[in-house]
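Asker: got a structure for you, letters missing:
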């Protein structure tokens with residue numbers, strides 16, 4: 001007789017949970033997937049899909065304003081914000097069937113709706129409107145995701161701030177939008193709402209935007225934001241929020257004075273959007289069951305994504321260290337395979353090549369080391385740079401802001417990191433990700449045919465820049481003399 005109801009129980013139906021359940025079903029394991037709200041998780045319902053749909057609408061509006069640079073009369077677009085949000089929701093609805101209960105049931109997954117409580121290493125209690133049931137599994141995968149963090153600033157909760165989870169419920173465009181947070185989410189949404197017609201103020205405690213990127217990237221993006229009318233307030237510490245008599249309110253911030261004297265500023269808003277980070281959702285019952293967490297709230301896992309309970313694994317935003325949808329999916333494979341096949345097979349997750357992108361305009365994409373990180377860690381690198389104002393396709397399309405920057409191990413063509421700033425950077429970074437994953441150097445990239453005229457040529461030209469800097473001058477001098485004799 002079977003000792004457990006399932007080979008694998010997966011808690012959470014977001015990106016990580018869906019992949020883990022799919023892998024289990026593919027290898028014919030009996031698997032239960034428990035989700036308390038909507039299948040697809042944050043990425044489908046409140047994250048990647050709606051945000052990129054909104055950004056596309058914002059870009060269309062900006063293209064209308066700036067059409068004069070192509071010899072076409074530019075116009076100020078009439079933005080029907082309600083229609084924009086209707087389209088955002090329609091895109092979600094179009095993608096929903098891929099992540100639906102019906103599809104996963106057909107694939108062999110037992111989908112359960114309800115609140116899951118971890119009781120011990122092998123048992124989960126599921127509560128729903130239909131009642132309560134206790135199920136058992138040989139192994140369990142926690143894929144409970146993360147939620148927006150709302151800092152404990154006095155008065156903030158009283159004004160009911162928007163977050164990346166709730167901003168999609170807006171039906172009317174805010175006239176004055178205050179965005180707290182200069183990271184990827186804050187930057188993307190600030191630019192989108194500004195382009196759709198809101199008066200946007202962006203505030204952050206840090207002294208630059210996107211602090212994980214190099215300072216020159218932060219400066220370029222800040223200049224672009226200011227040019228588009230965004231009021232960028234850096235080195236501003238929010239200390240208090242006051243509600244307005246008829247909605248909205250104001251935020252009081254301290255400005256970090258470089259002379260040691262701080263000043264105070266009051267920033268009014270109709271809506272305030274908090275985008276200062278996300279915290280892991282551990283799930284119900286973890287502490288009582290003995291699952292250990294890290295100081296930041298993420299679930300502590302080993303290299304194989306196993307928690308402090310030997311048959312319980314965790315992946316995705318709940319485990320960290322990277323809160324990206326593609327990393328959640330990547331980890332889910334390791335968590336599911338290790339959970340199903342241990343002790344016969346075990347695999348450790350490799351975090352050496354992790355790409356990401358911020359979908360501002362221009363986009364910012366990176367994989368591996370940045371120049372700043374290399375300097376901080378004392379890692380010697382050779383920096384290779386190719387500016388996009390030299391690229392024919394960028395010139396033709398009027399999108400010349402940005403560059404390709406590659407960090408190379410001195411004395412070789414081995415790529416240690418790459419950053420692309422510019423149009424479609426998130427697409428272009430893939431060639432560097434492939435090269436780093438499989439140990440291909442700049443010589444291999446340079447010897448690969450790239451279609452002309454494409455933005456992808458910028459990747460090849462960065463490799464050519466490195467090759468020119470390492471040209472064998474003595475050999476070329478000798479060859480030059482040889483050709484002189486042959487004339």
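Answerer: That came through, no problem. Here the structure is a predicted model, which is why all the values come from computation and not from measurement.

Asker: so what are the sheet partners of the strand ranked longest in the chain and their directions?
Answerer: Longest strand of the chain, by residue count under DSSP state E: strand 131-142. Counting by DSSP bridges, the strands paired with strand 131-142 are strand 6-11 (parallel), strand 123-128 (antiparallel), strand 312-314 (parallel).

Asker: wait, is residue 309 part of a strand?
Answerer: No. Counting by DSSP: H, G, I helix; E, B strand; the rest coil, residue 309 is not part of a strand but coil.

Asker: for the residue nearest to it when sequence neighbours are not counted, report the pLDDT, please.
Answerer: Once flanking residues are discounted, residue 309 sits nearest to residue 121: 4.6 Å by Cβ to Cβ, 6 or more residues apart in numbering. C-beta coordinates here come from the backbone N, C-alpha and C atoms, glycine included. Reading off the confidence values, residue 121 has pLDDT 94.

Asker: residue 360: neighbour count?
Answerer: Counted with other Cβ atoms under 10 Å, the neighbours of residue 360 add up to 22.

Asker: apologies, that question was intended for residue 27.
Answerer: Neighbour count of residue 27, defined by other Cβ under 10 Å: 13.

Asker: secondary structure class for the nearest residue in space to it that is not next to it in sequence?
Answerer: Leaving aside its sequence neighbours, residue 27 sits nearest to residue 340 (Cβ to Cβ, 6+ apart; 6.7 Å). With three-state DSSP as the basis, residue 340 sits in helix.

Asker: how about residue 367?
Answerer: strand.

Asker: tell me the predicted confidence for it.
Answerer: For residue 367, pLDDT reads 98.

Asker: distance of it relative to residue 333?
Answerer: Taking Cβ to Cβ, to the nearest Å as the measure, residue 367 falls 19 Å from residue 333.

Asker: residue 473 too?
Answerer: 48 Å.

Asker: which of those two has more neighbours?
Answerer: Legend: neighbour count by other Cβ under 10 Å for residue 473 and residue 333, higher for residue 333 (18 against 8).

Asker: does the more buried one count as helix, strand or coil?
Answerer: Assignment for residue 333 (three-state DSSP): helix.

Asker: surely it meets residue 22?
Answerer: No. The pair residue 333 and residue 22 does not pass the contact test of Cβ atoms under 8 Å, sitting 9.7 Å apart.

Asker: common neighbours of the two, please.
Answerer: Counting by Cβ atoms under 8 Å, 6 or more residues apart in numbering, residue 333 and residue 22 have no contacts in common.

Asker: and the chain, what are its domains?
Answerer: Per automatic domain parsing, the domain ranges recorded for the chain read 6-39+100-148+279-341, 157-277, 355-469.

Asker: residue nearest the centroid of the protein?
Answerer: residue 324 (4.7 Å; Cα atoms, centre = their mean).

Asker: and that one, how close does it get to residue 51?
Answerer: According to Cβ to Cβ, residue 324 stands 13 Å off from residue 51.

Asker: over to residue 66?
Answerer: Counting by Cβ to Cβ - residue 66 and residue 51 are separated by 22 Å.

Asker: pick out whichever of the two has more residues nearby.
Answerer: Counting neighbours by other Cβ under 10 Å for residue 66 and for residue 51 shows that residue 51 has the greater number, 21 against 13.

Asker: who's in contact with the residue nearest to that one when sequence neighbours are not counted?
Answerer: Closest residue in space to residue 51, ignoring its immediate chain neighbours: residue 188 at 6.1 Å, by Cβ to Cβ, 6+ apart. Residues near residue 188 by Cβ under 8 Å, 6+ apart: 51, 55, 358-360.

Asker: of those residues, closest to residue 195?
Answerer: residue 55 (8.8 Å; Cβ to Cβ).

Asker: so which residues make contact with whichever strand or helix holds the closest one?
Answerer: Per DSSP states H and E: residue 55 is located in helix 48-65. If you take Cβ under 8 Å, 6+ apart as the criterion, helix 48-65 is touched by 43, 74-77, 79, 84, 87-89, 91-92, 95, 164, 168, 185, 188-189, 191-197, 228, 325, 359, 361.

Asker: tell me how far that helix lies from the chain's centre.
Answerer: How far helix 48-65 lies from its chain's middle: 17 Å, per Cα atoms, centre = their mean, to the nearest Å.

Asker: got the buried residues for that helix?
Answerer: 48-51, 53-55, 57-58, 61-62, 64 (16 or more other Cβ atoms under 10 Å).

Asker: over to stretch 285-292?
Answerer: 285-286, 289, 291.

Asker: so of those residues, which ones are in helices?
Answerer: Assigned to helices by DSSP state H, the following of the buried residues of stretch 285-292 qualify: 286, 289.

Asker: give me the lowest-pLDDT entry from the buried residues of stretch 285-292.
Answerer: Lowest-confidence member of the buried residues of stretch 285-292: residue 285, scoring 89 (pLDDT).

Asker: pretty sure residue 433 sits against residue 352.
Answerer: No. Under the criterion of Cβ under 8 Å, residue 433 is not in contact with residue 352, lying 11.1 Å apart.

Asker: more crowded one of those two?
Answerer: residue 433 (17 against 9).

Asker: which parts of the helix or strand harbouring that one are buried?
Answerer: Here residue 433 is covered by helix 425-437, with elements defined by DSSP H and E. Neighbour-count burial for helix 425-437, counted by 16+ other Cβ under 10 Å, picks out 425-426, 428-429, 431-433, 435-436.

Asker: with respect to residue 409, which of those is nearest?
Answerer: Distance to residue 409, by Cβ to Cβ, is smallest for residue 436 among the buried residues of helix 425-437, at 11.5 Å.

Asker: pretty sure that closest one contacts residue 353?
Answerer: Yes. Taking Cβ under 8 Å as the definition, residue 436 is a contact partner of residue 353 at 4.6 Å.

Asker: find residues that contact each of these two.
Answerer: With Cβ under 8 Å, 6+ apart as the test, residue 436 and residue 353 both reach 367-368.

Asker: if we can go back for a sec, same question for the helix holding residue 55, mean pLDDT?
Answerer: Mean predicted confidence for helix 48-65 is 97.

Asker: please apply the same query to stretch 423-441.
Answerer: Average pLDDT, stretch 423-441: 97.

Asker: any residues touching that stretch, and which ones?
Answerer: 352-353, 355, 357, 359, 361-368, 394, 397, 399, 402, 404, 406, 412-415, 418, 420, 422, 444-445, 455-456, 458-459.

Asker: for residue 392, give me its contacts.
Answerer: 452-453, 457.

Asker: I'd like these laid out as JSON lines, including distance to residue 254 and pLDDT.
Answerer: Below are the contacts of residue 392 laid out as JSON lines (distance: Cβ to Cβ, whole Å; pLDDT from 0 to 100):
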{"residue": "452", "distance to residue 254": "53", "pLDDT": "97"}
{"residue": "453", "distance to residue 254": "50", "pLDDT": "97"}
{"residue": "457", "distance to residue 254": "47", "pLDDT": "98"}
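
Asker: which among the residues you listed count as buried?
Answerer: residue 457.

Asker: out of the contacts of residue 392, which is nearest to residue 127?
Answerer: Proximity of these to residue 127 (Cβ to Cβ) peaks at residue 457, which lies at 56.4 Å.
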